[in-house]
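**Student:** Predicted coordinates and the sequence they were generated for:
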Amino acid sequence: MPFIPHTPEDVREMLATIGAPSTEALFDEIPAALRAKALEEVPPALSEMEVGRLMSARAASDGRPLNFIGAGAYEHHVPAAVWSIVARGEFYSAYTPYQAEASQGTLQLLYEYQSMMASLTGMAVSNASLYDGATALAEACLMSVRAHRKSKSQRILVPASVNPTYRQVLQAIAGNQNLAFDLLPYDASGGHTTPASLEKYRGADITALVIQQPNFFGTLEDVDALTDWAHEAGMLVIAVVNPTSLAILKPPGSWGTKGADIVCGEGQPLGVPLSSGGPYFGFMTTRMEHVRQMPGRIVGRTVDLDGKPGFTLTLQAREQHIRRSKATSNICTNQGLLVTAATIYLSLLGPHGLAQVASTSMERTAELVDALARVRGVRLAFDRPRFHEAVLLLDRPVKGVLEALAARGIVGGCDITGHYPSLGNPLLVCATETRTREDIASYARALGEIMQNAAAA
Amino acid sequence: MSNVPADLRFLKSHEWARLEADGTITVGISDHAQQALGDLVFVEAPEAGRRVAAGEACAVVESVKAASDVYSPMSGEVVAGNAELGSQPELINQDPYGAGWIMRIRPDDKAQFAALLDAKAYQAALAAETH
């Protein structure tokens, strides 16, 4: 059923009123080359039963490989209770309701979510979530321009060790709003950003420095030194963080002397399963002084006329339904359902449980790196401390090795050769708490055999 | 009925301007505007030294309902923003033509002041808006 309430008669009447010959004529001014074409690749409709069969077959073709890819989305154990609670009718919606205050339960959940994120990141305020991690970074950069009124340059320093797909999204969204990004090199031995590499920007008008912790290579940046350097040079600091890691790493609010100014990141590790790249959710927190420049909405706790506690939307005056094109953001989609999952995940695990997930992931990765780096033709790219990912350098192209591993049911990591050709043959690997010692041993064994075979060939 | 002082000039978008003895103009939003917005919770006043054009959005007043732009009545240079509004945005509700001023501008051409709406014309504009 088409969700258009107008009858053909309504349409005729409307066209007659404005003097247009047909609906098609309304689109005349759009050049033909720009018009959307019919979707020729879409096959004819299938029945529910047929779709069910097709999808089961497709799902089965994925198999159940042993996964060692991270690169921005991480396989963590999600307790069964999380999604069974999320699926309750009271929670099962992707949006904050239009009459928000009528849904006190949803608002309370978002309030709890904000409290948890503010506490995890060590910042004063959190919004009710954003679209995903990459767009959250783009929003954070746009926000830094609004918040840092003394800086006129709209120039932002972005280390090459920031997730490359985030950098692409950043360019696509903020680059088109006249923000300029200067790429910072990473240290060849540590894979981190050094304050020395920043010296040439001292004295220049730069709006902000982006610091990803852990960075895309899994390496830990010297966040205290970088934060202090940026603040001393008159820049704001935008932190991009993995929320799981914050259970054991220093929260951005405590980086350096003053702490980061804006914190953002991908929320997927908190109870959201891997699912072909999404849907995930982004988070953002900041200092109180920048709260009005933060995109999205915030839920606040208040009292009603009778003095009873309740929850309400606060600080939505700058959202697009009020500010139109001047809104702080036009993509501040609230990923309500995934935020619900994250909030329930965090409350079931508690601070101690999350720290266990983080430290187990870190240990497993250390074991994985140890085992794989012992294989002939494989060595570790960087010698700095890391969280739960590492770059390995192979003596031959990564692609073929990954294909051979896949044939043995192992997804061996992310081939980052395309993003970092100067590294040679780099493979980014990750192990979370879901990988056992046996899993790691079978990966090492398979890799050893593959590298030996090919060497012999 | 809102208060429209006779000695001020106005914009249709509800800003007022007063020509000071030193040749600068003081700018704020009218009593009608503050009533329509309701309780103000935040004001973003421009920084001294900024160049503004007549009709340019150069400040933001935010109530619980909406964030609205404040337009400059004349072209010139901002000589001061009202810093008190940072911690006391309610000054605009309490005293829109006094302590609730938003910015002072040194106009490029003082003569343009006379071209702004006088109290009578602004009242007529208000009447037209409500009918």
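**Tutor:** Everything's here; your move.

**Student:** What segments of the chain are helices?
**Tutor:** This is for chain A. A:8-18, A:48-62, A:80-86, A:104-121, A:133-147, A:164-174, A:223-232, A:320-323, A:336-373, A:398-407, A:437-456 (DSSP state H).

**Student:** try again with chain B
**Tutor:** B:31-37, B:91-94, B:119-130.

**Student:** ok, for A:H290, nearest residue in space, not its chain neighbours?
**Tutor:** Excluding the flanking residues, the one nearest A:H290 by C-beta to C-beta, 6 or more residues apart in numbering or on different chains is A:A147, at 4.4 Å. Any C-beta I mention is one placed from the backbone N, CA and C, and that applies to glycine too.

**Student:** wait, the one you found sits on A:V291?
**Tutor:** No: A:A147 is beyond contact range of A:V291, at 9.7 Å (criterion: C-beta atoms under 8 Å).

**Student:** Between the two, which has more neighbouring residues?
**Tutor:** Neighbours of A:A147 and A:V291, each counted by other C-beta atoms under 10 Å in any protein chain shown, are more numerous for A:A147; the result is 22 against 18.

**Student:** check contacts around the more buried one.
**Tutor:** A:236, A:261-262, A:290, A:293 (C-beta atoms under 8 Å, 6 or more residues apart in numbering or on different chains).

**Student:** which one in these is the model shakiest on?
**Tutor:** Least confident of these in the model: A:Q293, at 90.

**Student:** Now do that one: how many residues are near it, please.
**Tutor:** Burial measure for A:Q293: 19 neighbouring residues, criterion other C-beta under 10 Å.

**Student:** same check, this time on B:D31
**Tutor:** 21.

**Student:** and if you look at B:P73?
**Tutor:** 25.

**Student:** how about it, what does it touch?
**Tutor:** B:P73 sits in contact with B:9, B:11, B:15, B:17, B:25, B:27, B:54, B:105, B:116, where contact means C-beta under 8 Å, 6+ apart.

**Student:** A:Q268 is in contact with A:G133, isn't it?
**Tutor:** Yes: here A:Q268 lies in contact with A:G133, judged by C-beta under 8 Å, at a distance of 7.4 Å.

**Student:** what's around the residue nearest to A:A172 when sequence neighbours are not counted, how many residues?
**Tutor:** Nearest non-adjacent residue to A:A172, counting by C-beta to C-beta, 6+ apart: A:A138, 7.9 Å away. Number of residues near A:A138 (other C-beta under 10 Å) recorded here: 26.

**Student:** joint contacts of A:Q268 and A:G133?
**Tutor:** Between them, A:Q268 and A:G133 share the contacting residues A:Y280, judged by C-beta under 8 Å, 6+ apart.

**Student:** which bits of the stretch 251-400 of chain A sit near chain B?
**Tutor:** Residues of the stretch 251-400 of chain A lying near chain B by C-beta under 8 Å from any C-beta of the partner chain: A:292, A:317-318, A:322-323, A:326.

**Student:** Please name the bridge partners of the residue in chain B that chain A sits nearest to.
**Tutor:** Residue nearest to chain A within chain B: B:A67 (4.4 Å; C-beta to the nearest C-beta). Per DSSP bridges, the residues bridged to B:A67 are B:E62.

**Student:** Touching, it and A:E319? I think so.
**Tutor:** No: with contacts counted by C-beta under 8 Å, B:A67 stays clear of A:E319, the gap being 9.2 Å.

**Student:** what about the two, which has more around it?
**Tutor:** The residue with more neighbours, out of B:A67 and A:E319, is B:A67; 23 against 19, by other C-beta under 10 Å.

**Student:** hmm, back to that, which one of the contacts of A:A147 sits closest to A:T227?
**Tutor:** A:D261 (9.2 Å; C-beta to C-beta).
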